[in-house]
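In: Here is the input, now give the coordinates:
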Amino acid sequence: MALSAQDVTRLAALNPAQAARVLSEVRSATLAGQRAPVPPRPVIEASWGRALRGGVDPDQGVRTDPLSHDEIERRRRDSPLSQVLPVLREGLLSVADGAHHIMAVADADGRVLWREGNASVLRRADGLGFEPGADWGEEVVGTNGVGTAAVTRRPVQVFASEHFVLAHTSWTCAGAPITDPRDGRLIGVVDVSGPLQTMHPATLAWVNTVAKLAEARLRELHLTSLDRLRAVAAPLLAGLGGRALAVDKDGWTAAVTGMPYATRVALPVALAPGRCLLPAVGPCTVEPLPEGWLIRAADAPAPEHATRVVLDVAHPRRWSVTVSGDTGSWTHELSPRHAELLYLLALHRAGRSAAALSADLFGDPARTVTVRAEMSRVRRYLGAFLEHRPYRFRDAAEVEVLLPPDPEDLLPHSVAPAVVRARTAPPPS
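Out: Reported below is the predicted structural model:
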């Protein structure tokens, strides 16, 4: 009886060696453009396609020079991952060492910053170039637990010949993305890897659970920092007249007076003290605070100038929206869901109802509550340039979308029906 991809996954838990042989045949046939005995799993097939289009060599692979020691240390200091390293170690290392695995923690660029675990497996990893400072992005080394999890923004287990590069096919790995709970931005990936004989079906769930614990710790640290800012800002705001608010350096609100509360305010990338125009506030004056900013709204209404909105979805892992006009420009990095929503609105300038967006995203027009909640979050930083009923960009805004060179690389994390269709069909005129 013919096997399915799901059967091979179950077989890998019972007989890793036999499953590895089947997957070797699948890999060889698929990369040769022939009919495979078993179809690869969709997440693996899509990753192989991206690697082929990106020019990764499946037989030889490539090794990039690792970062220098000083650059590794700089990235470690600057990365929010350093704040949750104790959580990752406590949750993964004790089990990983005994199970002949190693733990690797990479940043959003796919660069390995920390690598710990079983000593003999670490030595074997050295032979593959899986070392601190190495680039394990999917566009460099093909399908793997670090790079593929970063692109798809989902936990992924890669077993044996599901790896794209031949030299990696004797390994099994499970990686889970870690996102910044403040804005959904990818900050890195935690991965557990080892020889293929150590494959266990529960590894992926284990790694993903620990990644979620790390995100919860980051959320806790953020709330604590807001409390510190609030303690400083509240007495200042109490003595001010007019409209003002105190926000942290990422725009999260700690305190407000004289105006409706907004959870977050979109800030320019390079905010400096002085006068500026913020979409959610209008003309205002910005003053520095410890760990944040004091924003005082001016009385004059915001001038209406022609605005240019550039939606950048050209890259596999990071998406942004940049708004520019006569008063300057600012950029906001987008979460995966917000990248999908703004892409759909850019495609449909006439607008989309909540039901239509629900169908676009989920294939179900009834999930309007979720859509409205997400659009409410989008409007917190882009509200000055959006209309609703239906949701759309304002007619006066010039909207440009920066797309990847190959349509199949459009928002690779997305399984939204409308995005999947856009990868294989021209956008509506």
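In: where do the helices sit along the stretch 1-150 of the chain?
Out: Counting by DSSP state H, counting those that start in this stretch, the stretch 1-150 of the chain has helices at residues 5-14, 16-31, 42-53, 69-78, 81-88, 94-98, 119-128, 138-141, 147-152.
In: need the contact list for the most centrally placed residue in the chain.
Out: Most central in the chain under Cα atoms, centre = their mean is L186, positioned 3.5 Å from the mean C-alpha point. L186 sits next to 108, 150, 153, 177-180, 317-318 when contact means Cβ atoms under 8 Å, 6 or more residues apart in numbering. (Each C-beta comes from the backbone N, C-alpha and C, glycine too.)
In: what does Y381 give?
Out: Taking Cβ under 8 Å, 6+ apart as the test, what Y381 contacts is 251, 264-266, 279-280, 332.
In: Any chance of the backbone angles for it?
Out: Dihedral angles of Y381 (phi, psi; degrees, to the nearest 10) stand at phi -110, psi -10.
In: gap between the closest residue to the residue nearest to the centre of the chain other than its chain neighbours and G61?
Out: Setting aside the residues directly before and after it, L186 is nearest to A108 in space (Cβ to Cβ, 6 or more residues apart in numbering), at 4.7 Å. For A108, the distance to G61 (Cβ to Cβ, to the nearest Å) stands at 22 Å.
In: Where does the prediction get shaky in the stretch 151-300 of the chain?
Out: Counting by pLDDT under 70, the stretch 151-300 of the chain shows low-confidence ranges at 300.
In: can you give me the helices for it?
Out: Under DSSP H, counting those that start in this stretch, the stretch 151-300 of the chain gives helices at 203-238.
In: how about the strands in it?
Out: 156-159, 171-179, 186-195, 244-248, 253-257, 274-278, 282-289, 292-297 (DSSP state E, counting those that start in this stretch).
In: check contacts around the nearest residue to A234 once chain neighbours are set aside.
Out: Once flanking residues are discounted, A234 sits nearest to A255: 5.0 Å by Cβ to Cβ, 6+ apart. Taking Cβ under 8 Å, 6+ apart, we find A255 in contact with 229-230, 233-234, 237, 245-246.
In: number of nearby residues for the spatially closest residue to G274 that is not a sequence neighbour?
Out: Distance criterion Cβ to Cβ, 6+ apart; nearest residue to G274, sequence neighbours excluded, is V286 at 6.4 Å. Counted with other Cβ atoms under 10 Å, residues neighbouring V286 total 20.
In: any idea how far I178 is from the residue nearest to L221 when sequence neighbours are not counted?
Out: Closest residue in space to L221, ignoring its immediate chain neighbours: Q83 at 6.0 Å, by Cβ to Cβ, 6+ apart. Using Cβ to Cβ, Q83 is found at 11 Å from I178.
In: which of the two has more neighbours?
Out: Using other Cβ under 10 Å as the criterion, Q83 and I178 rank with I178 on top: 27 against 12.
In: Would you check that that one makes contact with G184?
Out: No. If you go by Cβ atoms under 8 Å, I178 and G184 don't touch, sitting 11.4 Å apart.
In: Is the residue nearest to the centre of the chain bridged to anything, and to what?
Out: Under DSSP bridges, the beta-bridge partners of L186 are T179.
In: what sits against T331?
Out: So T331 contacts 268-269, 320-323 (Cβ under 8 Å, 6+ apart).
In: Return the members of the residues you listed classed as buried.
Out: 268, 320-323 (16 or more other Cβ atoms under 10 Å).
In: Just name the closest of those residues to S353, please.
Out: Taking Cβ to Cβ as the measure, S353 lies nearest V321 of the buried ones among the contacts of T331, at 21.6 Å.
In: And that closest one, which helix or strand is it part of?
Out: strand 319-325 (DSSP states H and E).
In: what packs against that strand?
Out: On a contact count with 3 or more Cβ pairs under 8 Å, 6 or more residues apart in numbering; DSSP states H and E, strand 319-325 meets strand 307-312, strand 328-334, helix 336-347.
In: Now do the first one against strand 319-325, angle only.
Out: The reference is to strand 307-312. Relative orientation of strand 307-312 and strand 319-325, computed by axes from the mean of the first three to the mean of the last three Cα atoms, to 10 degrees: 160 degrees.
In: Name the residues of strand 307-312 that are buried.
Out: For strand 307-312, burial by neighbour count (16+ other Cβ under 10 Å) applies to 307, 309-312.
In: now do the second one
Out: Using 16+ other Cβ under 10 Å as the burial criterion, the residues of strand 328-334 that qualify are 330-334.
In: pLDDT averaged over it - what is it?
Out: Mean per-residue pLDDT for strand 328-334: 78.
In: Repeat that for the first one.
Out: Averaging the model's pLDDT scores along strand 307-312 yields 90.
In: Quick one: end-to-end length of stretch 195-212, please.
Out: 25 Å (Cα to Cα, to the nearest Å).
In: scratch that, stretch 255-273
Out: Stretch 255-273 has its terminal residues 19 Å apart, counting by Cα to Cα.
In: Any idea how many residues pack against A106?
Out: Neighbours of A106 under the rule other Cβ under 10 Å: 29.
In: So what sits opposite it in the bridge?
Out: Bridge pairing for A106 - DSSP bridges - gives V112, V189.
In: That one and P177, how far apart?
Out: A106 is 10 Å from P177, by Cβ to Cβ.
In: likewise S329?
Out: 29 Å.
In: likewise V281?
Out: V281 sits 33 Å away from P177, going by Cβ to Cβ.
In: Then T203?
Out: Distance, T203 to P177, by Cβ to Cβ: 16 Å.
In: and what of T224?
Out: Per Cβ to Cβ, T224 is found 24 Å from P177.
In: one step back: who's in contact with the residue nearest to L186?
Out: A108 makes contacts with 150, 185-188, 317-318, as judged by Cβ under 8 Å, 6+ apart.
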